[in-house]
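Trainee: take this sequence and fold it.
(one chain, ligands or ions: 2)
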Amino acid sequence: MKEFDVVVIGGGPGGLAAAYGLHAHGLRVAVVEKDLWGGTCPNRGCDPKKILMAAVETQGHSEALLNQGLTSVPQIDWQTLMAAKRAYTKKIPSGTKGGLDAAGIATIHGDASFNTDGSLTVGEDRLSAANWIIATGQEPRLPEIKGQEWLRTSNEFLDLDQLPEDITLMGAGYVGVELAAIANAAGSRVHLIHHSDRPLRAFDGDLVNDLMDRLRAEGVDVQLDTEINSVSPADDQYSVTTAAGASWTTGMVFATAGRTPVVAGLHLDRVNVATTRHGVTVDGNLRTTNNHIFALGDVVDRPQPKLTPVAGFEGRYLSDTLTTCDSPAIDYPVIPSVVYGKTQLAQIGVTTATAAKRPGDFRVNDLDLTHWYSYQRIQDPHARIKVVINKSTNHIVGAAAISSEAEQVINYLDFVIQNHMGPADIGNSIMAYPTLASDLTYFN
Ligand SMILES: Cc1cc2nc3c(=O)[nH]c(=O)nc-3n(C[C@H](O)[C@H](O)[C@H](O)COP(=O)(O)OP(=O)(O)OC[C@H]3O[C@@H](n4cnc5c(N)ncnc54)[C@H](O)[C@@H]3O)c2cc1C
Ligand SMILES: NC(=O)c1ccc[n+]([C@@H]2O[C@H](COP(=O)([O-])OP(=O)(O)OC[C@H]3O[C@@H](n4cnc5c(N)ncnc54)[C@H](O)[C@@H]3O)[C@@H](O)[C@H]2O)c1
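Mentor: Ligands and ions are numbered 1, 2, ... in the order given. Model prediction:
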């Protein structure tokens, strides 16, 4: 039996943040990882996706300036782009493990599962610990349709040797929309199929409609209210059929219909840890229904978006909580969300839906930014922001934005909202001009 103060199950961004924090407090820490050290984000999530997206964004900016001095639009060479991605991702697992080794944090590779006596088995190893952290993340969900076995996932998309000429994405959530943007820019004919009329439900409905219009204008075949009910091989391609009887032939079909918490092999029932279909049940201290077992990151059932910075925040919170006697419940700061692409959709803080329900408390400034200097300069085809303002303080408390620069604007507003900055504070700052930051003065 190997003994530790804390064992972290899952070597992704959340588990690693907890492990490093606990180790810094002098605890004996082990991390167990069954697959790639570093987890989803750097190996098959945010980071590789954003490497591919760099080419997409550059192409989008060039297209916009085609009539303003540029003479051609760069084309994407998939193999070279993929090689650049792989040059980055191939170093992640060894680099991550090397960092843990160098710090003196124990690393154990294998599939972890709990025993009825509260210990953990990983291959030949048996571990005991005073406290445990479940940080096992999520994995792609394969919808139960006829031909489910032919469905591929974002894991495979982000490592494709060749991009098919025609692809179908089943589900227009974060992953579906972003993969559509990448494949479309790289020259594939993309069918983005969503089963309801309201993709990206957490975002402002008008701006989601704007985004769907932009994707269509960029050449994506967006089909809403469309249920795929079967996929079957047809020569070296696939035939896709919808519930309404439509069908088409496509090179590959990707399930982008959501992700499910990874809990199956852990045998949480043996240690009385409750779960729902959304993940591990926790209280305000991220404690599960077992006093000595905590959970963080994507595997947790909680309302916050499943994002890397959120997992990292929870890891740091738990490293503090497990090393102090009396810890307050976790208190999340405002959390920005961005759907990336040539056109980016972003959101933070109080939503426009909440503002609409509470007109006495909030007002919304719906600003068409397309003709503002910052966007005219780059010929952005569509730039709009809805700013939510607290009526009593006149402070910005939320925003939803769409443009090729929305990721930057939303992060500026993150500072404004998190630091309770009012119009006077913004007006008193001198920002470099002309930049996106200097636009902040005009949002109230
Ligand atoms: C395509 C894609 C793009 C994304 N883009 C973004 C983005 O742009 N920005 C953003 O903020 N977020 C993004 N995300 C989400 C982000 O990747 C996750 O929020 C983040 O990785 C969660 O971290 P985590 O530590 O909770 O879980 P993970 O990173 O999933 O790590 C969990 C680890 O646990 C391991 N594990 C599971 N079960 C066991 C077991 N029984 N024993 C041992 N180990 C186990 C897994 O192998 C995995 O390595 C993206 C996700 C995807 C899929
Ligand atoms: N840019 C980012 O920050 C980023 C990028 C990718 C993923 N992520 C994170 O990963 C999480 C998972 O992303 P995701 O896109 O896999 O899930 P998601 O829940 O965002 O979207 C999946 C969508 O598929 C739809 N769907 C479900 N079943 C379907 C079916 N049978 N046919 C068609 N559509 C169907 C759902 O209604 C949903 O809208 C996100 O919630 C996000 O937190 C973040």
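Trainee: skipping adjacent residues, who's closest to the closest residue to ligand 1 within the stretch 51-200 of the chain in space?
Mentor: Closest residue of the stretch 51-200 of the chain to ligand 1, Cβ to the nearest ligand atom: G137 (2.2 Å). For glycine as for every other residue, the C-beta is placed from the backbone atoms N, C-alpha and C. The shortest distance from G137 to any non-neighbouring residue, by Cβ to Cβ, 6 or more residues apart in numbering, is to D298 (4.5 Å).
Trainee: and for T441, the neighbour number?
Mentor: 13 (other Cβ atoms under 10 Å).
Trainee: so what pLDDT did I92 get?
Mentor: Predicted confidence (pLDDT) for I92: 98.
Trainee: what about it, how many neighbours?
Mentor: Using other Cβ under 10 Å, the number of residues around I92 comes to 19.
Trainee: just give me the neighbour total for V31.
Mentor: V31 has 29 neighbours, counted by other Cβ under 10 Å.
Trainee: going forward can the numbers begin at 489, since that is how I track them
Mentor: Happy to do that; since the first residue is 489 now, the last one works out to V519.
Trainee: who's it bridged to?
Mentor: Counting by DSSP bridges, V519 forms beta bridges with V496, T595.
Trainee: just the CA atoms of stretch 853-864, as PDB, please.
Mentor: C-alpha atoms of stretch 853-864 as PDB (Å, rounded to 0.1, in the frame of the first residue of the first chain):
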ATOM      1  CA  ASN A 853     -27.200  48.700 -24.500                       C
ATOM      2  CA  ASP A 854     -27.500  46.900 -27.800                       C
ATOM      3  CA  LEU A 855     -24.700  48.400 -29.900                       C
ATOM      4  CA  ASP A 856     -24.000  47.700 -33.600                       C
ATOM      5  CA  LEU A 857     -20.300  48.100 -33.700                       C
ATOM      6  CA  THR A 858     -19.800  47.300 -37.300                       C
ATOM      7  CA  HIS A 859     -19.200  51.000 -38.200                       C
ATOM      8  CA  TRP A 860     -17.100  51.800 -35.200                       C
ATOM      9  CA  TYR A 861     -13.600  52.700 -36.200                       C
ATOM     10  CA  SER A 862     -12.000  49.500 -34.500                       C
ATOM     11  CA  TYR A 863     -14.100  47.300 -36.800                       C
ATOM     12  CA  GLN A 864     -14.200  49.400 -39.900                       C
END
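Trainee: one step back: and the residue nearest to G625, that one's in a helix?
Mentor: Yes: D786: assigned to a helix according to DSSP: H, G, I helix; E, B strand; the rest coil.
Trainee: got the confidence number for it?
Mentor: 98.
Trainee: distance-wise, check it relative to G498.
Mentor: Per Cβ to Cβ, to the nearest Å, D786 is found 9 Å from G498.
Trainee: on that earlier part again, shouldn't the residue of the stretch 539-688 of the chain closest to ligand 1 be in contact with T748?
Mentor: No: judged on Cβ atoms under 8 Å, G625 makes no contact with T748 at a distance of 10.2 Å.
Trainee: so between these two, which is more surrounded?
Mentor: Comparing G625 with T748 by other Cβ under 10 Å, the one with more neighbours is G625, at 26 against 16.
Trainee: list the contacts for that one?
Mentor: If you count contacts by Cβ atoms under 8 Å, 6 or more residues apart in numbering, G625 has them with G498, G500, G502, G527, T528, P749, V750, G785, D786, V787.
Trainee: dump these into JSON lines; add distance to ligand 2 as well.
Mentor: What follows is the contacts of G625, written out as JSON lines (distance: Cβ to the nearest ligand atom, whole Å):
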{"residue": "G498", "distance to ligand 2": "16"}
{"residue": "G500", "distance to ligand 2": "12"}
{"residue": "G502", "distance to ligand 2": "13"}
{"residue": "G527", "distance to ligand 2": "13"}
{"residue": "T528", "distance to ligand 2": "9"}
{"residue": "P749", "distance to ligand 2": "11"}
{"residue": "V750", "distance to ligand 2": "13"}
{"residue": "G785", "distance to ligand 2": "11"}
{"residue": "D786", "distance to ligand 2": "7"}
{"residue": "V787", "distance to ligand 2": "12"}
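Trainee: and these, which two are furthest apart?
Mentor: Farthest-apart pair in those is G527 and P749; separation 13.7 Å (Cβ to Cβ).
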